[in-house]
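Undergrad: Model the following, please.
(2 chains)
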Protein chains: 2
Amino acid sequence: MNASEFRRRGKEMVDYVANYLEGIEGRQVYPDVEPGYLRPLIPAAAPQEPDTFEDIISDIEKIIMPGVTHWHSPYFFAYFPTASSYPAMLADMLCGAIGCIGFSWAASPACTELETVMMDWLGKMLELPEAFLAGKAGEGGGVIQGSASEATLMALLAARTKVIHRLQAESPDLTQAAIMEKLVAYSSDQVVATLGTTTCCSFDNLLEVGPICNKEDVWLHIDAAYAGSAFICPEFRPLLNGVEFADSFNFNPHKWLLVNFDCSAMWVKKRADLTGAFRLDPTYLKHSHQDSGFITDYRHWQIPLGRRFRSLKMWFVFRMYGVKGLQAYIRKHVQLSHEFESLVRQDPRFEICAEVTLGLVCFRLKGSNKVNEALLQRINSAKKIHLVPCHLRDKFVLRFAICSRTVESAHVQVAWEHIKEMAANVLQAERK
Amino acid sequence: MNASEFRRRGKEMVDYVANYLEGIEGRQVYPDVEPGYLRPLIPAAAPQEPDTFEDIISDIEKIIMPGVTHWHSPYFFAYFPTASSYPAMLADMLCGAIGCIGFSWAASPACTELETVMMDWLGKMLELPEAFLAGKAGEGGGVIQGSASEATLMALLAARTKVIHRLQAESPDLTQAAIMEKLVAYSSDQVVATLGTTTCCSFDNLLEVGPICNKEDVWLHIDAAYAGSAFICPEFRPLLNGVEFADSFNFNPHKWLLVNFDCSAMWVKKRADLTGAFRLDPTYLKHSHQDSGFITDYRHWQIPLGRRFRSLKMWFVFRMYGVKGLQAYIRKHVQLSHEFESLVRQDPRFEICAEVTLGLVCFRLKGSNKVNEALLQRINSAKKIHLVPCHLRDKFVLRFAICSRTVESAHVQVAWEHIKEMAANVLQAERK
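TA: Purely as a prediction, here's the structure:
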C-alpha cells in the first residue's frame, strides 16, 4: 500500500470509525459468541499472497464485531470507563506516522520534551505540590507509563533499591538478599495507598498514613487510577489532600480524562530514585547531551526500553477540550451517577452499598447474595446493558459505573427501568 | 468534537500523515534543537477554554516537527528499525475506535481470540515447534507484550516462581527468601540467550546451550527482538534452530515486520507457567466462562492489567502483505546491508567488524577509536544521515542499520558517498 492508496483507505477508515461510534448505541453491548468462535471463521495460516482491503473491511463486520464488547456504548456500565475521544484518536494517527521510539532525548527530542511539559500541565491541573513538577530544573517530574500496574511496580522497585542502598551504606556487610528477606511492603486489602478503589471507589486516609510513612522513612506510593481525573475539579481536589506526603503518585488519564489507552500518569518527587534504580547506558543509546544534567532519558523511568509519542494525545485533548471542558465532562458523569443513586434509593427493594463519591454506584437488592447473583445473571444475559459485580465484605454487589463519553440521563433512565424489570422477574421467580 | 467534525479532521489528518511520509526524505533526519527547546514555545499551563484544531495543526510544524528525529526517513540508519506501514496504521485507527480493554476473554472476546490465532499464524510463519502454538487445545501459546523487556521480565518471573514451587514441594521448610538468595540467572554479556544482539547482531548457539538447560531443568528464554522477523524466510530459519529446547521465545514484529510499535510477540510452551505466576481474579473480572479450561484471560500473561486490541495490526499487515510480501521486505533489507558491506570492503581505509547476517553492518576506519569517534561526530553533526555507535570488545564501531520501509539502493549509495567524504575530512584533519 502506497501513500495514495493510504489517502483513500485512510479516509474510508475515518468514516468507518465515525459510523461505528455514531451508531454504537444500536449495537448489542455484549456479544453473543461462545469461546472459540473466531478460529473457525478465519484461515489456519496467513495467506501467501496479499488479500484485498475490501476483504479485510468486510471481515471486520463479519468476524470481529460479533465478538466485541462495546466499551463505548452508552449502555456499558461495567468495570471503569476507558477513555475515548476524537482528539485523542487524531493524535494517535499522528503518533503512528511519526513512529519514533522515545527511549532517550536524542531518539526524538520532541517526544521527551512534550511529555515532560504535558505532565507538568496535568500536575498543575491537579494542583500537585511543586515538588512533583519538573519545571526547568526541578528534582521531580512526571512520566507516562502504560498502566497503573507498571507505575506501582516501578514505585516498588525504586523503593526497594533505595532502602537497600541506604542499609548497605549503614552496614556494608549486609547482602542484598539478607536485606530483601526483611523488607516489608504494607498495603490494604485493595493494594498500596489507593484513592478510588476498583471495587467501590473508597479512599484511603492519606492525612493519617502519610505522616507515619514520612516519619518511618517508608516510601509512599499513591494509586488513584480511576479517581485521579476528578481531582481537576476544585470540589474533588480535597480527596487528594495528603499527596504532599507521597514519594510517588499516579492515575490513569486513559480511564476518565478522554485520553485513549494507554496513558498512565506517574509523578515522583525525586527523579533520581527512579533513574538510580533503572539506569541503562549501552554505547548505542548514549548521546552528547546526556550528562548535561538537564536531560530526561525516559528509558530510565520505566520497564520497557521503547516508548511511543503518547504525550501528543494529552496535548490534543487538553487543548481541544480546555480545562473547563474536561471539568464539565467529569461533573456530568458524577451527576449521572448521583441520578442513578437517587433512583435506587427511591426503590425500597434496593440498597446502596457504598458512598457515591464519583461515577460509581454500588447497589444490590436487599436480600441474599443468591438473589443478587441471579439478578446480575439476568441483566447480563439480556445484554441490553452490561454490568460487573464485586464483593464488599461478604456481600455480592452490583457495580453501576458511568463509562461512555456519550452516556446521557436518558440512558441511565432506560438502564434503571431495565434493572427494575429484571429484578421483578428475579423476585417473582424466587417466590415460586 | 463530534463525529461529523471528526470525519473532516480525520481526513485532514490522513492527508497530513500521507504528506509527511511521502515527503520525509526532504526533512533533515536529525533535528537541530537543543535540550529545553520546547518548553518556551508553549504555554506554562493547559488552556482553560478550547483551542481550535487549526491552532494545533499549525503548531505541529512549528513546535513538534523541529524536534523530531525522523525514524522513517530513508537516511535513518541508527539503532534498529521500528516498524511502520500503512496497513498497521489503518488497523490502529480501528483499534482506537473499538477502544476495548482486553484483560479477560469477556472484556472483548474478539480481542483475545484474534490475538491467540494471530500468534499461531506468526508462529507457523516462523515454523516454531508445535508445542509453542495454542491451536484448539494446546498447552502453549502466544501473547503480545509491549516490549522485549517485558517479555524477558515475564520469563524471569515465571521461571523464578516455577523453581520456588518445585523446591518448596521437595522441601516444605524452605522459605521463599532462602530460595531466592540462591537462585542464579545465567546470561551472556548481551543478556539472556539472544538471537541478533543489538550491538552487532550476533547469535548465541542454542544447540549448545539448549540441551544443557533442559538437562539441568533451567528455564531457557530466547530473545530475538530484532532478528526474529527474518526467520519467516526459509534461508534464515536455521538461525532459530534449537528453539525447541526453549521454554519461552520472543521477538518484536514492531521492529522489522511492518507492525507499528508496540507489538512484541512472546510464546511459551506451558501457558500454566505464566498464569501460575500471575493469576489475578477479583470478583469484578470474573466471568462465566473462565473456569471452562478453554479460555485465555491475557491479564494473567503480562504485567499490566489493561491491553489494547493490538492483534488487529498483525491481521491487517499479514493479510495485506501476504507471507511472500513480508519475505520480500526482509530480503530487500538484507540485500541492502550486503550492498553497503561490499562498498565498505572495497575501501581499504575501512574494515567490517562483525559478520553481516541480516540488516546491520558494523564497520569502522582502520585506526584508533579516537578517529572513529571523530568520524561519527562529523556524520551526526552534518545530519544528512543518522547513525549510532557501539563498542565491540574495546573497539569503537559505527553501526549502519537498514531501517526505513522506503530505503532503496540509491539512499545507501548516497549515505556511503557521504561517509567517505566525512572520513576524508577526518583523516585530513588528523594529518594536520
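Undergrad: For the rest of this, base every contact and every neighbour count on C-alpha atoms.
TA: OK.
Undergrad: Output the below-cut-off pLDDT ranges for the stretch 51-200 of chain A.
TA: A:190 (pLDDT under 70).
Undergrad: any chance you could map the strands in it?
TA: Under the criterion DSSP state E, counting those that start in this stretch, the stretch 51-200 of chain A contains strands at A:141-145, A:193-194.
Undergrad: winner for burial among these?
TA: Mean neighbour count (mean count of other Cα atoms under 10 Å in any protein chain shown) peaks for strand A:141-145 among those, with a mean of 26.
Undergrad: Could you export it as PDB, CA atoms only?
TA: The C-alpha trace of strand A:141-145 is given here as PDB (Å, rounded to 0.1, in the frame of the first residue of the first chain):
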ATOM      1  CA  GLY A 141       8.700  15.200  37.300                       C
ATOM      2  CA  GLY A 142       6.200  13.100  35.500                       C
ATOM      3  CA  VAL A 143       6.300  10.200  33.100                       C
ATOM      4  CA  ILE A 144       3.700   8.400  31.100                       C
ATOM      5  CA  GLN A 145       3.600   4.700  32.000                       C
END
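Undergrad: average pLDDT across the lengthiest helix in chain A?
TA: Secondary structure of chain A read by DSSP state H shows that its longest helix is helix A:311-345. Mean pLDDT, helix A:311-345: 98.
Undergrad: May I see the buried residues of the helix or strand following that helix?
TA: For helix A:311-345, the following helix or strand on the C-terminal side (DSSP states H and E) is strand A:350-352. Residues A:350-352 are the ones in strand A:350-352 that count as buried (16 or more other Cα atoms under 10 Å in any protein chain shown).
Undergrad: likewise stretch A:205-212?
TA: For stretch A:205-212, by 16+ other Cα under 10 Å, it's A:206, A:210-211.
Undergrad: circling back: what about the longest helix of chain A, near chain B?
TA: Yes. Using Cα under 8 Å from any Cα of the partner chain, a contact is recorded between helix A:311-345 and chain B, made by A:316, A:318-325.
Undergrad: Out of those residues, grab the one that's most surrounded.
TA: When neighbours are counted by other Cα atoms under 10 Å in any protein chain shown, A:F318 leads the residues of helix A:311-345 next to chain B with 29 neighbours.
Undergrad: In three-state terms, label the nearest residue to it once chain neighbours are set aside for me.
TA: Excluding the flanking residues, the one nearest A:F318 by Cα to Cα, 6 or more residues apart in numbering or on different chains is B:A46, at 6.3 Å. Of the three states, B:A46 takes coil according to DSSP: H, G, I helix; E, B strand; the rest coil.
Undergrad: Measure how buried B:A46 is and give me the count.
TA: Residues lying near B:A46 (other Cα under 10 Å) number 22.
Undergrad: what's the answer for the one 4 residues further on, then?
TA: Counted with other Cα under 10 Å, residues neighbouring B:P50 total 17.
Undergrad: Which residues are in contact with it?
TA: Listed by Cα atoms under 8 Å, 6 or more residues apart in numbering or on different chains, the contact set of B:P50 reads A:318-323, A:325.
Undergrad: Tell me which helix or strand it sits in.
TA: Counting by DSSP H and E, B:P50 is part of no helix or strand.
Undergrad: how close does it get to B:R271?
TA: Note on B:P50: its distance to B:R271, by Cα to Cα, to the nearest Å, is 48 Å.
Undergrad: next one: A:E150
TA: The value you get for A:E150 to B:R271, if Cα to Cα is used, is 22 Å.
Undergrad: ok, now A:V117?
TA: 41 Å.
Undergrad: quick one, which of these two is more surrounded?
TA: Neighbour totals were compared for A:V117 and B:R271, and A:V117 leads with 27 against 22 (other Cα under 10 Å).
Undergrad: A:F400 - that's part of a strand, no?
TA: Yes. Counting by three-state DSSP, A:F400 is part of a strand.
Undergrad: Endpoint to endpoint, stretch A:168-179 covers what distance?
TA: Note: stretch A:168-179 ends 9 Å apart using Cα to Cα.
Undergrad: so does that stretch get close to chain B?
TA: Yes. Under the criterion of Cα under 8 Å from any Cα, stretch A:168-179 makes contact with chain B via A:177-178.
Undergrad: chain center to that stretch, what's the gap?
TA: 38 Å (Cα atoms, centre = their mean, to the nearest Å).
Undergrad: Could I get the buried residue list for it?
TA: A:A177.
Undergrad: next one: stretch A:276-287
TA: Counting neighbours by 16+ other Cα under 10 Å, stretch A:276-287 gives A:277-278, A:284-286 as buried.
Undergrad: What of stretch A:359-366?
TA: Applying 16+ other Cα under 10 Å to stretch A:359-366 flags A:359-365 as buried.
Undergrad: Please report how far the nearest residue to A:I232 once chain neighbours are set aside lies from chain B.
TA: Residue nearest to A:I232 in three dimensions, not counting chain neighbours: A:L126, with 4.8 Å by Cα to Cα, 6+ apart. According to Cα to the nearest Cα, to the nearest Å, A:L126 stands 11 Å off from chain B.
Undergrad: for A:L126, what are its contacts?
TA: Neighbours of A:L126 in contact, by Cα under 8 Å, 6+ apart: A:231-233, A:237.
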